[in-house]
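>>> Give the three-dimensional model of this entry:
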Amino acid sequence: MTHTLVIRGFSDKVHEKLGNLATQKGVSINSIVRDAVDKWLEQHQSETIRKHHLIIYSDDESLIKLLKSMDKFAKDSNLYRCFCGPSDIQAAKLLDRLGWRNCTLDPYFYLNNHHNHPHHQHIKQRNGISQTQNEKDIYDYCSKVMENIANKADNEPVCCMDFLINDIGKNSLTEALAIEKAYDNDRIGGFMYCTYKTDVLLESGTQDLIDLFETHDQVFILKKDEVYKLHVTRENVHKLFLN
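The predicted structure follows:
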């Protein structure tokens with residue numbers, strides 16, 4: 001079934017040029033416009049948004065306020081709302097009440113302090129790089145969680161809150177960074193928000209902290225009901241002496 005599309009805003013000059021071009025090409029103006037619309041739709045439908053953001057917070061109250069606001073935006077944008085991580089934290093309980101899908105796989109990896117499991121002994125990968133058994137286990141677990149999110153979203157763009165990554169960071173920010181980089185190379189369509197508490201990040205070294213910032217598209221810091229965007233750029237020493 002075809003429909004009539006009325007296009008406003010063309011000047012006489014543009015319309016005349018379009019008419020002359022249509023005559024030269026032996027086609028109608030309607031065909032040119034229809035072809036332009038088809039190409040625009042094809043281009044933008046293939047450009048799926050794949051954002052990977054970092055959220056830093058120090059208290060549950062700040063995060064809860066943010067999530068309540070995000071819920072409305074996610075609904076209005078028709079995003080698949082989901083989260084992963086421990087189910088007993090306040091943020092997870094709130095999202096569960098708001099109808100967000102919990103895509104965490106059972107049993108939860110860090111249940112009963114799993115990261116202190118005695119099998120943290122070094123093994124060798126095929127490429128010769130040393131890796132603890134725990135690192136391999138958490139990588140496999142995270143991969144399955146991401147796969148679960150993608151399957152449940154069924155090609156819908158997601159709005160996903162990742163609380164699992166904070167538990168990984170508690171054990172080792174270097175380990176969390178490896179997971180972050182792996183996800184960064186194979187993103188899910190939509191918006192992925194990795195949440196860390198400040199006490200986890202402040203225990204890390206500067207190198208890991210900067211690498212973490214650079215792995216994400218944008219870095220946001222919460223202060224009560226306010227959101228601050230952090231800009232991280234590498235500078236020369238002389239910038240320290242400028243007004």
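>>> Mind checking what helix or strand follows the helix or strand harbouring Asp35 in sequence?
Taking DSSP states H and E as the definition, one finds Asp35 inside helix 29-45. Following helix 29-45 in sequence order, the next helix or strand is strand 50-57 (DSSP H and E).
>>> what comes into contact with that following strand?
63, 66, 183-184, 187-198, 201, 212-213, 215-222, 230 (Cβ atoms under 8 Å, 6 or more residues apart in numbering). In this view, the C-beta of every residue, glycine as well, is placed from N, C-alpha and C.
>>> which ones among those are found in helices?
63, 66, 183-184, 198, 201, 212-213, 215 (DSSP state H).
>>> Show me what counts as buried in stretch 90-107.
Residues of stretch 90-107 classed as buried by neighbour count (16 or more other Cβ atoms under 10 Å): 91-92, 94-95, 100-101, 103-104.
>>> for Cys160, what are its contacts?
By Cβ under 8 Å, 6+ apart, the contact list for Cys160 reads 80-84, 103, 149, 188, 190-193.
>>> Please report how far it lies from Lys68.
According to Cβ to Cβ, to the nearest Å, Cys160 stands 17 Å off from Lys68.
>>> Would you check how far apart the residue most central in space within the chain and Ile179 are?
Centroid check for the chain by Cα atoms, centre = their mean gives Met192 as the closest residue, at 2.2 Å. From Met192 over to Ile179 the distance is 12 Å, taken as Cβ to Cβ.
>>> do Pro157 as well
For Pro157 relative to Ile179 (Cβ to Cβ), the value is 22 Å.
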